[in-house]
Each structure stands twice: as structure tokens, then as C-alpha cells.
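> from the sequence below, what's the structure:
(chains A and B)
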Amino acid sequence: MRKFLIGAILLTLGAVSPAHANLNVFTCEPEWAALSTEIGGDKVSVYSATTGGQDPHQVQARPGLIARARNADIAVCTGAELEIGWLPQILTQTSNQKIRPGAPGSFEASSFINLLEVPTRLDRAEGDIHAAGNPHIQTSPNNILAVAKPLADRFAQLDPANAQVYASRLADFTMRWQAALAKWQAQAAPLKGVPIAVEHLSWIYMENWLGLKRIVALEPKPGVPPSSGYLAQVVDTLQKTPAKMVIRAAYEDDRPSLFISDKVHIPAVTLPFTVGGTDGAKTLFNLYDDTINRLLAAAKG
Amino acid sequence: MYRTSPAAKVLVWALATASVCFGETPARAAPDDGLAAIRDAISNLRQEYEAKIKDLEDRLQKAEAEAEAAKSSAATAAAAAEDAQKSAVAAQAAPAAPEPQAARPPTSINTFNPGIAAVLNGFYVAASRDPTAARIPGFALGDEAHGPARGFSLGESEINLTANIDPYFLGWLNLSFGNDNSVSVEEAYIQTTSLGEGLTLRAGRFFSGIAYLNERHAHDWSFSDASLPYRAFLNNQYGDDGIQARWLAPSNIFLEFGAEWLRGDSFPSGGAANQGKGTATAFVHAGDDINDSSSWLAGLSYLHARSDQRDSGGDLFSGTDDLGIASLVYKWAPGGNPTVQNLILSGEYFFGRESGSFNAIPLGYNRSGWYAQGVYQFMPRWSFGLRYAQLGAGGVGAALAGSALDDLGRTPRAESALLEFDTSEFGRLRLQYSHDDSDIKPLDELLFQYTVIYGPHPAHRY
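A predicted model of the protein is given here:
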């Protein structure tokens, strides 16, 4: 048995040592994978734990994720408890010192944003609440910009040899992003004040960015699937205070929003939510292009 | 933020006075009505400046109040958000944008309390025979190798306490409260957190890392009870005192090696043979994603247990147990989203040999067993599952005929089905039906179970 074990270990070491890149980046969500690539270029190799079609709350600590986290130099995640259901388990099983909480390789994007919707009552009876506030910061492009700088700084801290590259790529990204922000602001002008209904409370940062007015959420409490009784209440609310559309993220169950769409005759809009969420949102820039296009199309109709 | 208002006032007054002084030279030459006009002008200027200063002060105070409110109150956060976002955009142009600081938590005596979680479990069981008296002919069973008793009962309730001890260790204590009000230390171990290179060491009492389900606590199992092989070979679940080493290979597929050295005081070992170091195990786990929707985990485990007068239901066994376990788990969730639909298929094959003396009669016989199960979540919150399990015991000869090891010519097997409703990820209601055909008379059981978790319970393993 012992001989077998030692043999197997040696075999593994020889056969599967990963190719060396400057910086191994493990990202929890696709938007941070896209941002890491924007900042790091070919100096980083990026792995995203989730895809655009996945609910970042509900991910399993799969063996594949543990293996990737084992070799990471930095973990770039949203934080604010978004990944509480799976990331701690991965960190415990990998025992990778570089990315444990508090280490320089542990990057929490939400710590650079003033979080909104901080719950006033911390109680599981309130559903899936996040004590630090709403973690879905990537729904506003302003937040991407606020995270880009600290991320570039962190890359430079971990990989000083390429600090110059990260700084110049950040400068380039910032310029392009600010131009895009101005463009989006102009495009989205007709959306100001448009009333909406949402499935999950995922959109507060986008609502503020575009001036959308949320009338109602289809979940009675965060993370609690709506019952038919609750949906009837929502229909009632929307008949009194009409909304222009009902919004859901690409990963969410479409049935509640289709039901509402059918009952109160407003369009059900699927938004990409993150990079890769829809076919039109393949890059970080396209994410917001596609989001605005879909909202504009629904607001017109 | 520094307070500019008094300084600004002084500055503005200085400027105003200066402008008045400069303006006075021509004013002296002017007639009296001109002087009055200048006085008026100065007075207007003064009012204007004061209004502006007041306005600046107000705006500053408002901004400060809003910044405070944004941090502390969710109610006003939305209102402040637009401003905050605008200032964030503006701040990009300015160097060194201030990072928001987390509010400092108050210092208190319980700041460093460990994470405490409770698991509660309750049963109602209707059964055709007493499940706690169930036997499996051909197998000498441990004392816990049966399901919950008939009627209402409290299943195992657990309290977990866990925290990092220092930069090098974490601690985990799991107290289990039995239905008979007995408290037992189910797990109590320390584990290294900072060895790096994928190496983790553990010492204390813990569930062995062999097989797939063994390491998982009962509340994390897909079915309400342990399957036949776990009951027969491991007394439901093998835990003991000892040390464990695990090493995670630096490969892109998950590859983990582990070995344990344990006291040997729990079934299938007994009597703490070999001066209390009677059991050794080794295991390897491998797994990966197949695509976005599916993933797998496979394992091979080996356990070598020595027993010195192991007592199972009055039967004494001394000798060795060799047990090999092959495990395979496959999970599917469309697009990687398990919330709406998901499927978990798993199966394990146990094969082993027990040799030594059983009630002083020489013994050497092979046993095997396997189970296969599938649990399918067909809509949010609802799942159903099926499980089949079977055991095979080799013949033990005439000397042991009529003993617990006599299989009576039977092949023990059991079928189970379940229906489950999850109130959330922390609450679960389950209905399970089992038909157990191990003994001469079958055992039909209907189990109603609730399981809840509250407190900071760590996420479960894959």
C-alpha cells in the first residue's frame, strides 16, 4: 500500500505539474474573470469558478474547483457573503495559504464599494440576506471601474515584475471604460424613471445607475421562491402601480417572470447579469451594451 | 473630512475688507450719496458672501450626513447612492480615491467566540417490526447499525463549534445528543491551516475519510438512514481517535491522497488492539468537471482494522478486518444551476475479509456489499430518490452455523424511496419508505424526518 501511495504521488508530481504562468487567477464570477483579463492581459492565466449561466449563490464545492483553487496565486471574488455557501469549503480543502481570507491573494471586490441595501435586521427568517449589503455590484459599470484600480494594484503587489504592465493596462482600460460610461449614459437616457419589477433583489446598483424605479420584487424574501399566492399579490400591486417590464437574471427560473408578464401584459426581460449571461454579453463592455439594449427594447414596446 | 467653514469665513472677510480698503481711496473723493451707494454695495456683497458660506456649510453638512447614513442605514442608503456613485465617478479623475472603510465593530468579550451551529433532527417511524432489533444474517453488527426506533423520536442533534485557533490550526468540536439524553463527542479535532503545498494534517477524533459518505455527517446524507453496506461494514459510520494526513496534488484535476492511523476502538475494530493504534487507512479521491452541467468524484479506500475481543451483541471477535471500498459519484445540474433541477447518482462497492477467531472459533471469510442510489430534484425544493443495497456473506462452515455469521442462505437486500421538500437550504422535510429483506422476516418502514441547521454551519463537501 505504502509503495503504491508513494509511486502514485511521484507519478502525479511528474505528470501533471501545471504550466507556469506569471499569476494564476481564480475568479469566483465571470465579471471578475473578464476584468482580470483586461488588467492582466497575457501576464495572468484566469479561471472562472462559475459561468454566466450560473447562480453565484448556489455553487457546489466541486472537485474541479478545489483543484483550481489549490494552484491559485489570487482569488478574485465579489465577497459580501455572496460565495458563503461554497468558497469557505473550497478554501478549507485546498489549504492554499496564498488565497486564505486576509492574505494578499484574497481579493474581495465588494470591499471597494459602498454596499447598498444593508439589512436592518439579521435573521434567517428574512430569507437569504447578506449582512454586509447587496453583493450584486457588477450590475453597475461604475462599480467595475471602482474595482479595477485596486485589482491592478493587487496584481502589481503580487507580481512586481509586471507592475508596469498592470498600470498601463489599467490606464488604457480606464480610458476606454470612461468613454463607454458616457456612451451608456447617453443611450440609457430614456430609461430614467422607468418603473420595473424584478425577480430577485439583484439590481439595486443598476437601478441607481440608470434611474430605474423598482416597484416590486417577485421573491417574497431574498432567495425564497414565490408561491402562487404571493404572485397574486404581486399582480395586485402591479395593477395599482404599473411597471414597464419584469426583469430577471439569465440564470434565474423564468417561470415567475413569465407568469407576471402574462398576467399584467408587460414584457419579461432577461438580462445577462454577468459576462456570458446572454449571447450578446460576451465581454465586459458587451455586458452593459446588451443590458441597455434589452431594457430599451422593452421600454419602447 | 476637514471643516473648512471658519477658515473660509476669515478668508472671505479678509478679501472683502481688502476690496473695501482698495475701493475706499476713490470713494473719499466721491460725494456723500456715492458713499451710501458704496455702503450698500458692501452690505450686499457681505450678504452675498454670507449666503454663499451658509450654502457651502449646509452642503458640506448634508454630504457628511449622507455619507454617514449610507454606511449605517439601509433606509437612507438608496438616496445617498446616486450621490455616492457620482462622486465615485468623479473621484476616478482625482488621484487616491478614498476606499470606503468598514464600520468598526464594537469591542466586546465575545468578539472571538467560535462559530456555533446546531443541527436538529426528528423522526416519526412506522415499522412492521422493531427496527432497533434488526439483524443482518451473516454479519456481526456494531451497536449502532440500525435505523431510528418506532414512533416519535429525536434523531441525533448536534452542536458544532469551530474557529481558527491561531495562524496554524483550526479547531472543530461536534457534540452529539442521542435520543436517550446521552452526550457524545462525535468529532473533536485540530487541523493545520498553513502547511501549504496542499498538505493538511488532522489530529483528534474524526470520521474517517474512507469511502464517500463516511466523512459526511448523517444530516448531509441523501437518505434518512445508512445503507446496508455502511451498516454491516462500518456500523453506519466509522469514526475513531487518531491522526490523518491529506495531500492535494497540484494538478488541474482534483487528486487527493490521504492516510490515517487510528486507535482502533470503534467497529469494525474493537478493544483498541495493538496498544491503541489498531487501525490504518489509506484513500485516494479523484474528480473533475465533465462540462458546465456535470461533474464526478471517484474514490478508492482501504481500511485495515485489528480487533482484540471486539464485542458485537455478545459475540467476541479477535483478529483483522481488511476492507476495500470503491466509490463513484456523478452530479448533474443544467448549466450548473442546481436550484431548479439536479440529479445525484452514487454507488459504492465494499469488499473485505475478516480473519481471526469468532467466539474462540477460527474464522476467515469474505464479504461484499454495494449500493446504488439516485436523487433527482425535479422542481425547486422538491426531490425524490431511489436506493438499492445488497450484501453478500461467504459461508462460514458448520462450526459457526446458527451464529450471527451464518447467512441462513440469504442475500440481504433493501430498497428505499424518498420524497423530500426543502424549506430552504437550512430546512428539510423528508418522507422515506424502506423495504429491508435482510432477515427472515422483511422489515417495512415509513420514516418522516425533519432536519434543520442554524448558525454558521460550514458548507458541505461535494
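
> quickly find the element holding residue A:142.
helix A:141-158 (DSSP states H and E).

> quick check: mean pLDDT of that helix?
If you average the pLDDT over helix A:141-158, you get 97.

> enumerate the residues of the stretch 351-462 of chain B near chain A.
B:380-381, B:424-426, B:454, B:458-462 (CB under 8 Å from any CB of the partner chain). Heads up, the C-betas are built off the backbone N, CA and C, glycines and all.

> quick one: residues contacting residue A:292.
Residue A:292 makes contact with A:184, A:187-188, A:191, A:210, according to CB atoms under 8 Å, 6 or more residues apart in numbering or on different chains.

> host element of the residue in the stretch 151-300 of chain A that chain B sits nearest to?
Nearest residue of the stretch 151-300 of chain A to chain B: residue A:208, at 4.5 Å (CB to the nearest CB). Here residue A:208 is covered by helix A:204-210, with elements defined by DSSP H and E.

> how far off centre is whatever helix or strand comes next after that helix?
Remark: after helix A:204-210, the chain's next helix or strand is strand A:213-217, criterion DSSP H and E. The chain centroid and the centroid of strand A:213-217 are separated by 21 Å under CA atoms, centre = their mean, to the nearest Å.

> the helix holding residue A:142: which residues count as buried?
Across helix A:141-158, burial judged by 16 or more other CB atoms under 10 Å in any protein chain shown covers A:141-156, A:158.

> got it, and stretch B:250-258?
Buried, per 16+ other CB under 10 Å, within stretch B:250-258: B:250-252, B:254-258.

> wait, does that stretch make contact with chain A?
Yes - shown here: stretch B:250-258 in contact with chain A (CB under 8 Å from any CB) through B:250-255, B:257.

> show me how the chain divides into domains.
Let's take chain A. Listed by automatic domain parsing, the domain ranges of chain A are A:20-182, A:188-300.

> hmm, I had chain B in mind actually
Using automatic domain parsing, the domain ranges for chain B come out as B:5-90, B:116-454.

> most packed of those domains?
Comparing those by mean neighbour count (mean count of other CB atoms under 10 Å in any protein chain shown), domain B:116-454 comes out on top with a mean of 18.

> model confidence over that one, on average?
pLDDT averaged over domain B:116-454 gives 94.

> now do the same end-to-end measure for that domain.
Start-to-end span of domain B:116-454 (CA to CA, to the nearest Å) is 9 Å.

> can you tell me the SS state at the residue in chain B that chain A sits nearest to?
In chain B, no residue comes nearer to chain A than residue B:287, which is 2.9 Å away by CB to the nearest CB. When classified by DSSP: H, G, I helix; E, B strand; the rest coil, residue B:287 comes out as strand.

> using the three-state scheme, assign residue A:235.
Classified using three-state DSSP, residue A:235 is helix.

> correct me if wrong: it contacts residue A:265.
No - using CB atoms under 8 Å, residue A:235 is not in contact with residue A:265; the gap is 10.9 Å.

> these two: which is more packed in?
residue A:235 (15 against 9; other CB atoms under 10 Å in any protein chain shown).

> show the contacting residues for the more buried one.
A:260, A:263-264.

> just the ones of these in helices?
The helices, defined by DSSP state H, take in A:260, A:263-264 from these.

> kindly indicate which of those lies nearest residue A:83.
residue A:260 (29.3 Å; CB to CB).

> ok, now how distant is that closest one from residue B:140?
61 Å (CB to CB, to the nearest Å).

> ditto for residue B:308
15 Å.

> which among the contacts of residue A:235 count as buried?
A:260, A:264.
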